[in-house]
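1. Have a look at this prediction, sequence included:
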Amino acid sequence: MVSTISLQGNGISDATKTTPIFTYGTLKRGFPNHTLMQDLFRANDAVYHGVYLTVQQFPLVCGPYGVPFLLNIPASGHRIRGEVYSVTDRGLARLDELEGTALGHYERLPIQVRPEWATDGVEGEAMKAEVYYAHGSFAEEMWRRKGGEGFSEYTEREARDYVKRGDRAKHRSFIEEIRFFVSSHDH
């Protein structure tokens, strides 16, 4: 059974259409891009719901500049720990821009998640959200490049290698950096 999240009393009107978004990397609390989520909170375009785990296992890896990528390769990797937010359409547009969906960096697709506190035997706890997966055009290559090894949660340890956009090399686009990264043999 897939559940929905009530938004009443959380700053977003129940009449406002929202989409649950599962975040697993730099958008989480305490990480570099969470400032965007805070902007969305202030504009009543997002509400935090809690810590969730993916129902299925997926690979979570870091690519160029330490950027985290969830790979849409079910039954590989781990159940991923992240956070769920409900986001308005206006908020989604800002997230899509950050995630480079129009540029082929990520693609926003459905995923099944459940609250971290729920066990597999609890009925009705799984819910459908959307997540930013690494774009399918390079996901398999990224998994091979990482030697089929990932992690279950993006933590401070992985975040140490993260390079903010303004500090990255300017001579190549991010998609060019991804292509270069997956084609290199250095693990």
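-> Here it is on my side, so go on.
2. Quick check: pLDDT value at the closest residue to Ser173 other than its chain neighbours.
-> Spatial nearest neighbour of Ser173, chain neighbours left out: Leu103 (7.7 Å); criterion: CB to CB, 6 or more residues apart in numbering. (Glycine included, C-beta is placed from N, CA and C.) On pLDDT, Leu103 comes in at 96.
3. Please apply the same query to Lys164.
-> 91.
4. would you say Trp117 is within a helix?
-> No - applying DSSP: H, G, I helix; E, B strand; the rest coil, one finds Trp117 to be coil, outside a helix.
5. State the distance from it to Tyr132.
-> 24 Å (CB to CB, to the nearest Å).
6. Would you map the strands across the protein?
-> 18-23, 46-58, 60-62, 68-70, 78-88, 106-115, 127-134 (DSSP state E).
7. and among those, the most buried is which?
-> strand 68-70 (a mean of 26; mean count of other CB atoms under 10 Å).
8. what helices or strands is that one leaning on?
-> The contact analysis (3 or more CB pairs under 8 Å, 6 or more residues apart in numbering; DSSP states H and E) places strand 68-70 against strand 60-62, strand 127-134.
9. Could you tell me the angle between the longest one and strand 78-88?
-> If you take axes from the mean of the first three to the mean of the last three CA atoms, to 10 degrees, strand 127-134 sits at 100 degrees to strand 78-88.
10. contact partners of strand 127-134?
-> Under the contact criterion CB atoms under 8 Å, 6 or more residues apart in numbering, strand 127-134 has outside partners 2-5, 19-24, 52, 63, 69-72, 84, 95, 99, 101, 105-114, 139, 142.
11. Format the strands of the chain as CSV; extra columns: mean pLDDT and distance to Gly166.
-> Shown next, in CSV, are those (pLDDT from 0 to 100; distance: least, CB to CB, whole Å):
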stretch, mean pLDDT, distance to Gly166
strand 18-23, 97, 21
strand 46-58, 95, 23
strand 60-62, 98, 19
strand 68-70, 98, 18
strand 78-88, 96, 24
strand 106-115, 97, 19
strand 127-134, 97, 20
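12. now the ones you listed as CSV including distance to Asp167?
-> Shown next, in CSV, are the strands of the chain (distance: least, CB to CB, whole Å):
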stretch, distance to Asp167
strand 18-23, 22
strand 46-58, 26
strand 60-62, 16
strand 68-70, 17
strand 78-88, 25
strand 106-115, 20
strand 127-134, 21
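13. what's near enough to touch the residue nearest to the spatial centre of the chain?
-> By CA atoms, centre = their mean, the chain has its centre lying nearest to Thr23, at 3.7 Å. Each residue near Thr23 by CB under 8 Å, 6+ apart is listed here: Met37, Gly82, Glu83, Val84, Tyr85, Val131, Tyr132.
14. likewise Met142?
-> Val61, Gly63, Phe69, Leu71, Ala134, Ile178, Phe181, Val182.
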